[in-house]
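Enquirer: Let's see this in three dimensions:
(3 chains)
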Amino acid sequence: MPHATAFARNQWYVAAHAHEVGREVLGRTVLGEPLVLYRAERDGRPVVLYDRCVHRRFPLSAAPSRLDGDRIVCGYHGFTYDTTGTCVQVPGRRRVPRTARVASYPVAERDSLVWVWIGDPARADPDTVPRARHLDSPGWVTVRGMEVIDADHGLLVDNLLDLSHETYLHGGYIGTPEVAGTPITTEVDEAAGVVRVSRHMDDAECPPFYAKSTGVRGRIDRWQDIEYHAPCLYLLHSRVAPTGVVPAPDGGDPRAFHTEITYAITPSDHGRVYDFWAVSRDWAREDAEITEFLRHNNHTVVLQDVDALNLLQRALGCERDGFQELSVGIDAGGLAARRILARLAEEGDSPRGNGS
Amino acid sequence: MPHATAFARNQWYVAAHAHEVGREVLGRTVLGEPLVLYRAERDGRPVVLYDRCVHRRFPLSAAPSRLDGDRIVCGYHGFTYDTTGTCVQVPGRRRVPRTARVASYPVAERDSLVWVWIGDPARADPDTVPRARHLDSPGWVTVRGMEVIDADHGLLVDNLLDLSHETYLHGGYIGTPEVAGTPITTEVDEAAGVVRVSRHMDDAECPPFYAKSTGVRGRIDRWQDIEYHAPCLYLLHSRVAPTGVVPAPDGGDPRAFHTEITYAITPSDHGRVYDFWAVSRDWAREDAEITEFLRHNNHTVVLQDVDALNLLQRALGCERDGFQELSVGIDAGGLAARRILARLAEEGDSPRGNGS
Amino acid sequence: MPHATAFARNQWYVAAHAHEVGREVLGRTVLGEPLVLYRAERDGRPVVLYDRCVHRRFPLSAAPSRLDGDRIVCGYHGFTYDTTGTCVQVPGRRRVPRTARVASYPVAERDSLVWVWIGDPARADPDTVPRARHLDSPGWVTVRGMEVIDADHGLLVDNLLDLSHETYLHGGYIGTPEVAGTPITTEVDEAAGVVRVSRHMDDAECPPFYAKSTGVRGRIDRWQDIEYHAPCLYLLHSRVAPTGVVPAPDGGDPRAFHTEITYAITPSDHGRVYDFWAVSRDWAREDAEITEFLRHNNHTVVLQDVDALNLLQRALGCERDGFQELSVGIDAGGLAARRILARLAEEGDSPRGNGS
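Expert: Okay, the predicted model is just below:
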């Protein structure tokens, strides 16, 4: 059932944008695990600990819990933890019990995203964090945000893997009739857990999102190339150019507008998902007005998804067991993603499974 | 238990006032079934379809779902349905899968009410829709509305079948001491599923509701004749006249004020009921001030019931199993109604039961 | 588990401050039992009845239910009860059914608190109501209030038995570093169900709560002597004096400031507790400004607890079964209280258990 997608453990997940993690404690829940995040003063690296004091389970991320240098002090009775999660101070005693520690999580900060490993820490390999280099490269300018959706994360995967919904849900922003009308090609790399969905629209209407930002007048060629790295990272390579303009044989493409739309789909808890988003462009990089326009417009588009998925989740919650969906061609990518997510969930729960 | 009255399927239910069904999609849930209603452009008739797209279960009644002529276009991916519920368009494909259809419901528009049949469509007979002709007759002027109550529909049946509550819950509006103080007579036609409760008060106080609207000064004779057609339609024939005035042998009754109070009690879902109400009068028909007075006053009275039943449902939700009620004479009508509702629920669930 | 403390029946509980019980019906729920309270006109004594009409279970504490002299009239159909819970009037009939009565509860008004006995009325002995005489003695001035916390009552017991949390949760009000830093002594009288926790701080910082109200400058000796009479009554004897000042051998202690902080911890329902509080002082009794300062400040402190426990309950509600706590020295009082509460709950459920 799309509204009860299993969690895939032993994977990297985005827990925050890098700029969200600083010198105030930040609470996030990932795959049902309550986490507290902060940035250490000493080395500037993000710290992620289990978000419950060992004593009476008070959240370390909730006021009046606070940082004291690189230590976190529980706001209820003052139990104090270092960056490894070891309790170093207990009120009214000299010696701290040896068992007083909270779990610390493997963390990797990459490309302005803070990734956390949910699962067995011994299996965490920072080299396997999927990359989105445009988010933190000099040649790109990025706007970004995050929304919480009260819906199964599978509904957001469905949503993003099938962009034909742009025509209906996002009409007037990024949708035009051609999106729903143009066939897609789908490629699935089951072993790597990657789904690619491409839609190349020739001689298409330019949606307001791009018409107003790029200044292109008239018809366009519009390419949407999705690359979904299950379970968390979704990249949409968008190319918009006046109709007939093609890239040079050497890859040069100066008359086209390239935009990288990034999503991180992080299951928070059952029926709740974090929708991290970013829009990066390599054109008009100095134009603050375009930056604001894209920030505001993409936020609006994300909120349209948020509203629709909140509603859809409530509707699915009222369905009788055994209700049916009807899938058609546009769903090829989404169905592949569901298969891969199911496999990853199964492997993630096995003692040492990794598909090999 | 009054707060868990079984649903009686294979019955007609009011899903909307006629004026509510137009050229915008309208969502209603009846007996737990999500419905979308609209009025066809072609013939002006109401259409009722199952309110979930076959594709990914998005509600057809929720924005940005919309009408396109007499077709309804899903707001998520554009699946499009005709008035029979047949899917006639799917994005990115020429051919629509044969199984792509949503249920359409038998509908009957009668007396300014839109009735829908919940159950086996083959058993729907529009001639069995119960009538309330005064709602749409030239000799009557009607004010109306609808409120949602978060309570079992049985609580609203109880409420309306025992008007002694007017004295307490609706004091200062329609209640006077005589209502609770005057005995009732109750007649039950089990086969027809009709309960009649009558209370004739002679030489009674005139409640503000009638004193201000009719202009009658002094004591009145006040008749309340209830006719409940289970499960949905409730008619209250009200007669108010100066004390001692009686109808002529030929039925003429020009010095009395006749008011028809209509309720449709439509179970929406477990613990939720639609309370459709209307007040029709054959007197002072041109007087807009009286019309407004009655609309406003009856709305207030309905909201008093809404508040009381919301509260009562919450209270019952906290009761231990096996809690007791104590019934007395005034409950004869309500208890008969419960019996009939239980029988109709049982018959409605049987393959072909109709009591015969 | 601290968030599912069993109810101890056959005990006295505070249902209201005396001033809350007057000539309007007041609804309270104690140990899951819905109660309606009012004060009889005849003798000024509080009456406590079961808060559901025998007829259709409407709450007698909810408008438009109301008092008529010393009788309570149900706001739905007018069933009327006397102070013993006997139904004395039913609409539309002369005779009232013999079984028409609601439970009445043993009540004791003591020390400006209204205590109600939850359990077998035959076992209620008013002489066993625990006392807090300072609440209603001429030598004391008291400020008071009540807050509802959406948390297991055990969490409030934990909170109050371990005042080291003052340093962290109530810093800037009543907490200073010395509270968490000073060891406690704990005494448990298992048979009497009394836990005593004492913390005597010598040469300590004076917290703003006392610095501003007493006018003491410089360091203080600060004594906190807790006396918890399970299940409901908590007394904190507070003594603040300039460092080095000691009581005279005869008990005289004129240079110290004695404050009695009283809490009544009344389980309302599962996951909900009433937090009755009062602060009584024997100093500066005429000073209205100090009265207001203490009222406002203690209310703020109580709200800090309310926020923390609401949050903690939500956090515990998400815990997996079998989660662990880690207890240290400061928890000795709270752990003893939990043991006693568990025993009282067990005895309270047994037919005739009283521990002897």
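
Enquirer: what does chain A put close to chain B?
Expert: A:2, A:158, A:162, A:164-165, A:167-169, A:171, A:180-184, A:308, A:311-312, A:315-316, A:318-319, A:323-331 (C-beta under 8 Å from any C-beta of the partner chain). For glycine as for every other residue, the C-beta is placed from the backbone atoms N, C-alpha and C.

Enquirer: which of those residues count as buried?
Expert: When the residues of chain A next to chain B are checked for burial by 16 or more other C-beta atoms under 10 Å in any protein chain shown, the buried set is A:2, A:158, A:162, A:164-165, A:167-169, A:171, A:180, A:182, A:184, A:308, A:311-312, A:315-316, A:326, A:328, A:330-331.

Enquirer: what lines up beside the longest strand along chain A in the sheet?
Expert: Among the elements of chain A assigned as strand by DSSP state E, the one spanning the most residues is strand A:257-269. In the sheet containing strand A:257-269, the strands it pairs with under DSSP bridges are strand A:233-242 (antiparallel), strand A:272-281 (antiparallel).

Enquirer: buried sites along the helix or strand where residue A:346 lies?
Expert: Under the assignment given by DSSP states H and E, the secondary-structure element containing residue A:346 is helix A:332-349. Of the residues in helix A:332-349, those buried under the neighbour-count criterion (16+ other C-beta under 10 Å) are A:332-338, A:340-341, A:343-345, A:347-348.

Enquirer: Show me how chain A divides into domains.
Expert: A:12-126, A:132-347 (automatic domain parsing).

Enquirer: Nearest to residue C:301, out of these?
Expert: With C-beta to C-beta as the criterion, residue C:301 lies closest to domain A:12-126 of these, at 12.7 Å.

Enquirer: What is the end-to-end distance of the closest one?
Expert: With C-alpha to C-alpha, to the nearest Å applied, domain A:12-126 spans 9 Å between its terminal residues.

Enquirer: before we move on, back to that, out of the domains of chain A, which gets nearest to residue C:120?
Expert: If you check each of the domains of chain A against residue C:120 by C-beta to C-beta, domain A:12-126 wins as the nearest, at 34.7 Å.

Enquirer: Neighbours of residue A:125, how many?
Expert: Under the neighbour criterion other C-beta atoms under 10 Å in any protein chain shown, residue A:125 is assigned a count of 11.

Enquirer: that older thread, name the surrounding residues that touch the helix holding residue A:346.
Expert: Residues external to helix A:332-349 that are found in contact with it (C-beta atoms under 8 Å, 6 or more residues apart in numbering or on different chains): A:2, A:5-11, A:119, A:154, A:157-158, A:161-162, A:184, A:186, A:188, A:190, A:193, A:195-197, A:226, A:228, A:230-231, A:327, A:353-355.

Enquirer: cool, and stretch A:35-48?
Expert: Under the criterion C-beta under 8 Å, 6+ apart, residues A:15-16, A:18, A:20-29, A:49-51, A:59-61, A:65, A:67, A:69-70, A:72, A:83, A:104-105, A:107, A:109, A:114, A:116 lie in contact with stretch A:35-48.

Enquirer: now swap in stretch A:57-67 and tell me
Expert: Contacts for stretch A:57-67 (C-beta under 8 Å, 6+ apart): A:23-27, A:34-38, A:49, A:51-53, A:72-77, A:81, A:102, C:168-169, C:171, C:308, C:311-312, C:315-316, C:319, C:323, C:325.
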